[in-house]
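In: Task: produce atomic coordinates for the following.
(one chain, ligands or ions: 1)
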Amino acid sequence: MKRYIPVSRVEGTASRQAHCDLPAGTYEREMSKEGFFGPAAFFHHRHPPTGWTEFTGPLQPRAFDLAKLATGKESPWSAHEVLVSAHCRIRYWRLPGSMPRLARNADGDELLFVHAGTGEFYCDFGRLAIEAGDYVVLPRGTMWRIESGAPLDVLMIEATNSSYQLPDKGLVGNHAIFDPAVLDTPRIDVEFLAQQSDDAEWQVEVKRRNAVSLITYPFNPLDAVGWHGELSVVRINVRDLRPLMSHRYHLPPSAHTTFLANRFVVCTFAPRPFETDPGALKVPFFHNNDDYDEVIFYHAGDFFSRDNIHPGMMTFHPGGFTHGPHPKALTRMFQQTKPATDEYAVMVDTRDALDVGAGAGAVEWAGYVDSWKGRP
Ligand SMILES: [Fe+2]
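Out: Residues are numbered from 1 along each chain as shown. I've put the predicted structure just below:
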């Protein structure tokens, strides 16, 4: 049995409500446990906590332009490794045509996020049409291949040695944000049966302990004529998400959790109205992400808290310092010019420190750490 040391105090000149009614001229910083779920303190600072003039050493906010990484690879296991830990492996993959071989991940569940392109996804469970904005969750061990319509750019997020699950939706219930009935599953349809073959040779690239083995069959092993059960590949598009919001309170990113693995969460930022209460923050609050490394992949739209960030980029904020809005975004802290956000982004928050993969350094935007310079 253990519990956090109980403290509840209001000290000095302070608001009693997080993210609202800040003392005039101050900037709020949250310091918390368990991401945004544990005990937290909210400081009211005279200066933006990101107002550094220099930030040197290995701990820095970093940004990568993954679109520049995207040399085509016909195998997902050749995709560029971007950020990696023992529990989470993030890759970026451009598939120029169709996959000549099947893939199978024996290391963990895989989450594909289709950033661009279209294709036909064939797997043990049948056929699924995929397009930009799709999340496709692959249970560990699923055999699959893609016939590409338009070249695909795919963010791959491996839940190493664990499984993707859904968050408990708590007070708002199981059908909020998205209804489980919205999840699509592959179908055993005419096209799926037509791709089956008794005499064509097919190979499966199996990834286990991050090494690839090749299994050759004298037939197409995607040859199921049917299946039943409670486990399948599922697909949902970001357009199907109906994000939580409050007109009086800036909800933390955890309100936008889409999938959970053992040691990380995947959240989706989708367009939503700005808060309207005059005292409520309209931009993300400054916070230390001390328990998590934070990764955001920018998919589409206009990213309201970031200058110089375009679709296909990824930012990486390792735990250990405070981050928050850029100076320009801060000028709209309480007054936005637009009625709603216009952004789709995928966030991955990991409990374990991530290492930058081999390819990512080549597409790094070295000026990112300085992008908070200048006063609001
Ligand atoms: Fe954050």
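In: Report pLDDT for the closest residue to the ion within the stretch 51-200 of the chain.
Out: For the stretch 51-200 of the chain and the ion, the shortest gap (C-beta to the ion) falls at residue 61, measuring 10.2 Å. Every C-beta, even on glycine, is put in place using the N, C-alpha and C of the backbone. pLDDT recorded at residue 61 is 95.
In: how distant is stretch 12-22 from the center of its chain?
Out: 30 Å (C-alpha atoms, centre = their mean, to the nearest Å).
In: which residues are in contact with that stretch?
Out: 10, 23, 28, 30, 40, 42, 44, 248-250, 277, 279-281, 285 (C-beta atoms under 8 Å, 6 or more residues apart in numbering).
In: let's see it at 10 Å
Out: The contact list for stretch 12-22 (C-beta atoms under 10 Å, 6 or more residues apart in numbering) reads 10, 23-24, 26, 28, 30, 32, 36, 40-45, 246, 248-252, 275, 277-285, 333-334.
In: Flag every buried residue along it.
Out: Buried residues in stretch 12-22, counted by 16 or more other C-beta atoms under 10 Å: 14, 15, 18, 19, 20, 22.
In: Then stretch 61-76?
Out: Buried residues in stretch 61-76 (16+ other C-beta under 10 Å): 61, 62, 63, 64, 65, 66, 67, 69, 70, 73, 74, 76.
In: Out of those, which one has the weakest pLDDT?
Out: residue 70 (69).
In: that older thread, so who does the residue of the stretch 51-200 of the chain closest to the ion touch?
Out: Counting by C-beta under 10 Å, 6+ apart, residue 61 touches 50, 55, 294, 315-318, 321, 323, 368-372.
In: Am I right that residue 362 sits in a helix?
Out: Yes - remark: residue 362 belongs to a helix, assigned using DSSP: H, G, I helix; E, B strand; the rest coil.
In: What about the contacts of stretch 12-22, which are in strands?
Out: Among those, DSSP state E puts 28, 30, 32, 40, 41, 42, 43, 44, 45 in strands.
In: near the ion, which residues of the chain show up?
Out: With C-beta under 5 Å from the ion as the criterion, the chain comes near the ion at residues 289, 294.
In: repeat that for 6 Å
Out: Proximity of the chain to the ion is confined to 287, 289, 294, 323 under the rule C-beta under 6 Å from the ion.
In: So what's the residue count around the nearest residue to residue 87 once chain neighbours are set aside?
Out: Excluding its sequence neighbours, the residue lying closest to residue 87 (C-beta to C-beta, 6 or more residues apart in numbering) is residue 263, at 3.8 Å. Around residue 263 there are 18 other residues, counting by other C-beta atoms under 10 Å.
In: Going by length in residues, pull out the top strand of this structure.
Out: Secondary structure of the chain per DSSP E: the longest strand is strand 143-160.
In: got the CA coordinates for that one in CSV?
Out: What follows is strand 143-160 as a C-alpha-only set of coordinates in CSV (Å, rounded to 0.1, in the frame of the first residue of the first chain):
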residue,chain,number,x,y,z
MET,A,143,0.4,-11.1,-41.2
TRP,A,144,-0.3,-8.2,-43.6
ARG,A,145,0.6,-6.4,-46.8
ILE,A,146,-0.4,-3.3,-48.5
GLU,A,147,-1.3,-2.7,-52.2
SER,A,148,-0.6,1.0,-52.5
GLY,A,149,-3.0,3.2,-54.4
ALA,A,150,-1.1,6.5,-53.9
PRO,A,151,2.3,6.3,-52.3
LEU,A,152,1.8,6.0,-48.5
ASP,A,153,3.6,7.9,-45.7
VAL,A,154,3.0,5.9,-42.5
LEU,A,155,4.0,6.7,-38.9
MET,A,156,4.5,3.3,-37.3
ILE,A,157,4.3,3.0,-33.5
GLU,A,158,5.2,-0.4,-32.0
ALA,A,159,4.0,-1.3,-28.5
THR,A,160,7.0,-3.5,-27.9
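In: and residue 238, what does it touch?
Out: Residue 238 is in contact with 113-114, 132-135, 178, 258, 268-271, 299-300, 344-346, counting by C-beta under 10 Å, 6+ apart.
In: from the buried residues of stretch 12-22, which single one is nearest the ion?
Out: residue 19 (13.5 Å).
In: What separation do you get for the closest one and residue 2?
Out: Distance, residue 19 to residue 2, by C-beta to C-beta, to the nearest Å: 29 Å.
In: beta partners of the nearest residue to residue 323 once chain neighbours are set aside?
Out: Distance criterion C-beta to C-beta, 6+ apart; nearest residue to residue 323, sequence neighbours excluded, is residue 317 at 5.0 Å. Going by DSSP bridges, residue 317 is paired in beta bridges with residue 294.
In: thought residue 111 was touching residue 158?
Out: Yes - here residue 111 reaches residue 158: they are 7.7 Å apart, a contact under C-beta atoms under 10 Å.
In: what residues do these two have in common as contacts?
Out: Taking C-beta under 10 Å, 6+ apart as the contact rule, residue 111 and residue 158 both touch 90, 138, 261.
In: Nearest to residue 223 among those?
Out: Residue 223 lies nearest to residue 138 out of the shared contacts of residue 111 and residue 158, by C-beta to C-beta, at 18.5 Å.
In: what residues are up against the closest one?
Out: Shown in contact with residue 138 (C-beta under 10 Å, 6+ apart): 103-105, 108-112, 121, 123-125, 144, 156, 158, 164, 232-234.
In: switch the cut-off to 7 Å
Out: Residues in contact with residue 138 (C-beta atoms under 7 Å, 6 or more residues apart in numbering) are 105, 109, 110, 112, 144, 233.
In: Since that was my last question, I'll sign off now.
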